[in-house]
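Student: Would you be able to build a 3D model of this:
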Amino acid sequence: MVSVMPLTAFIRNVKLHRYFGLPKNSLVRYYCTETLGDVIKPIGFTSSLFCHKRGTPRQPTICPHSRATVTLDPRVINNPQYTLEGLEDFSHVWLIFLFHKNKKKWLRTKISPPRLEGKKVGVFSTRSPHRPNPIGLSLARLDRVQDNTLHLSGIDLLDGTPILDVKPYITEYDTPQALLKDHDPPLSNDNSLNQNDNTSSQENTFRTNIDSKVNIKNEIPPESCIENCLCEEEINNGSAICTHVKTPDWIVQPQSPKLEVIFTPKAHEQLQMFSQDAKDPDFSLKFLQNSLEASETISAILKEDPRHVRTRNRTDGNFYQFTVDNMCVTCLFSNGLAIVTQVSNVKDFLIRGNQPVSKS
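Tutor: Numbers count the residues shown, from 1 in each chain. Model (predicted):
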């Protein structure tokens with residue numbers, strides 16, 4: 001059902017648009033924005049081994065063993081299993097989701113990414129959850145499709161995350177490096193070996209035209225090109241070929257080095273108690289298969305230093321806790337080391353806000 005704007009609100013918006021000299025179609029856009037709630041709704045929800053924001057990877061593929069399932073809601077999609085037919089032929093999928101834990105009301109225009117050690121950049125140059133529209137994009141490995149459920153790995157999503165859409169990952173379209181190759185347009189549609197002089201003349205003219213276009217492109221100074229990306233249009237189909245991909249240095253070479261992760265003998269012994277086939281349900285893993293995967297997942301999380309950038313220096317020497325699957329991990333940061341001191345059952349801890357706190 002589409003909501004109708006009250007008459008007083010309509011008159012007020014018309015006056016505002018006239019006063020500020022806004023284009024007429026901006027009022028139409030306002031109507032569309034008002035009705036988005038009736039159009040966009042979650043198609044399903046995530047069941048994940050990360051139940052709390054603390055310790056959840058900031059980016060996908062950091063933890064290859066971090067598994068999750070996305071189950072489509074039959075109340076939203078009739079016969080949801082039919083919508084997944086053919087998806088099993090792809091190895092990875094894009095997940096478009098909501099940052100449902102972002103409860104802050106104000107808008108942040110600048111963000112301090114963890115890799116910049118306190119320096120700020122614009123919110124749209126980051127993947128921060130603090131966005132005007134709290135929508136996220138995540139790449140996950142598709143392990144299998146079962147009825148209306150996707151089984152995924154390498155995820156960075158919290159348990160209960162609403163999913164807005166699922167799209168297949170296609171290398172030819174989604175990876176810029178796939179475009180970094182020669183795309184010479186066909187010079188002739190004649191496949192015969194014997195070509196007459198007229199055809200040769202046309203080919204030479206065609207090559208000359210292309211060369212002239214390339215020379216013109218090369219004369220353009222790099223600073224006048226967006227991100228130094230020279231995109232040449234193919235004459236035949238008009239598709240753009242990007243010949244350069246640029247990433248900021250703070251992404252490629254982060255200022256904060258990766259940490260070395262160490263397990264104490266006590267923590268290592270406690271970790272061995274957890275597995276999927278453990279007799280005690282308190283030590284049964286739901287997503288991770290065994291203690292080895294648990295160890296690798298914990299190490300992958302801690303290597304990236306999951307602490308907030310403002311608290312890194314203050315929390316050196318203090319205990320840090322987070323939950324993974326059915327485990328609550330206690331560790332200590334000191335001089336570039338992340339020392340895991342205890343691995344306990346998650347039931348042994350109370351949750352205050354987003355932070356696990358020991359009962360004792």
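
Student: Around the spatially closest residue to residue 248 that is not a sequence neighbour, how many other residues sit close by?
Tutor: Nearest non-adjacent residue to residue 248, counting by C-beta to C-beta, 6 or more residues apart in numbering: residue 125, 7.7 Å away. In this view, the C-beta of every residue, glycine as well, is placed from N, C-alpha and C. By the criterion of other C-beta atoms under 10 Å, residue 125 has 13 neighbours.

Student: Need the phi and psi values for residue 125.
Tutor: The phi/psi pair for residue 125 (degrees, to the nearest 10) reads phi -100, psi 10.

Student: Against residue 113, how distant is it?
Tutor: For residue 125, the distance to residue 113 equals 9 Å [C-beta to C-beta, to the nearest Å].

Student: List the buried residues of stretch 341-348.
Tutor: 342-346 (16 or more other C-beta atoms under 10 Å).

Student: can you check stretch 48-64 too?
Tutor: Applying 16+ other C-beta under 10 Å to stretch 48-64 flags 48-58, 60-63 as buried.

Student: Show me what counts as buried in stretch 128-139.
Tutor: Neighbour count says stretch 128-139 has 128-131, 134, 136, 138-139 buried, by 16+ other C-beta under 10 Å.

Student: quick one: which two of those are the most distant?
Tutor: Greatest spacing in the buried residues of stretch 128-139, by C-beta to C-beta: 130 and 139 (20.8 Å).

Student: So this protein: which segments form each domain?
Tutor: According to automatic domain parsing, the chain comprises the domains 7-39, 44-171, 211-244, 251-358.

Student: I'd like these laid out as TSV, including mean pLDDT.
Tutor: Formatted as TSV, those follow (pLDDT from 0 to 100):
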stretch	mean pLDDT
domain 7-39	54
domain 44-171	89
domain 211-244	43
domain 251-358	84
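
Student: Which strands and helices lie in contact with the lengthiest strand in the chain?
Tutor: Looking across the chain with DSSP state E, the single longest strand is strand 135-146. The contact analysis (3 or more C-beta pairs under 8 Å, 6 or more residues apart in numbering; DSSP states H and E) places strand 135-146 against strand 92-98, strand 149-153.

Student: do that again at 10 Å, thanks
Tutor: On a contact count with 3 or more C-beta pairs under 10 Å, 6 or more residues apart in numbering; DSSP states H and E, strand 135-146 meets strand 67-72, strand 92-98, strand 149-153, strand 162-168.

Student: For that strand, which strands pair with it and how are they oriented?
Tutor: Applying DSSP bridges to the sheet, strand 135-146 is found paired with strand 92-98 (antiparallel), strand 149-153 (antiparallel).

Student: Quick check: which of these is nearest to residue 169?
Tutor: strand 92-98 (3.8 Å).

Student: Report the inter-axis angle for that closest one versus strand 67-72.
Tutor: Inter-element angle recorded for strand 92-98 and strand 67-72: 70 degrees (by axes from the mean of the first three to the mean of the last three C-alpha atoms, to 10 degrees).

Student: quick one: which of the strands paired with strand 135-146 is nearest residue 70?
Tutor: Closest among the strands paired with strand 135-146, using C-beta to C-beta: strand 149-153, at 4.4 Å.

Student: what does the closest one rub up against?
Tutor: 44, 46-48, 60-61, 63-72, 80-81, 84, 87-88, 92-93, 95, 138, 140-145, 163, 166, 287 (C-beta atoms under 10 Å, 6 or more residues apart in numbering).

Student: buried stuff in it?
Tutor: Under the neighbour-count criterion of 16+ other C-beta under 10 Å, strand 149-153 has 149-150, 152-153 buried.

Student: for those residues, which one is nearest residue 102?
Tutor: residue 152 (21.8 Å).

Student: Next, work out how far apart the closest one and residue 105 are.
Tutor: Counting by C-beta to C-beta, the gap from residue 152 to residue 105 is 31 Å.

Student: show me where the stretch 201-350 of the chain has helices.
Tutor: 249-252, 265-271, 291-303 (DSSP state H, counting those that start in this stretch).

Student: Just name the most buried of these.
Tutor: Per-stretch averages of neighbours, counted by mean count of other C-beta atoms under 10 Å, single out helix 291-303 among these, with a mean of 20.

Student: State the distance from residue 68 to residue 348.
Tutor: Counting by C-beta to C-beta, the gap from residue 68 to residue 348 is 24 Å.

Student: hang on, I meant residue 52
Tutor: Taken as C-beta to C-beta, the span from residue 52 to residue 348 is 15 Å.

Student: And the strands in the stretch 151-300 of the chain, which stretches?
Tutor: Along the stretch 151-300 of the chain, counting by DSSP state E, counting those that start in this stretch, strands occupy 162-168, 231-233, 240-242, 260-263.
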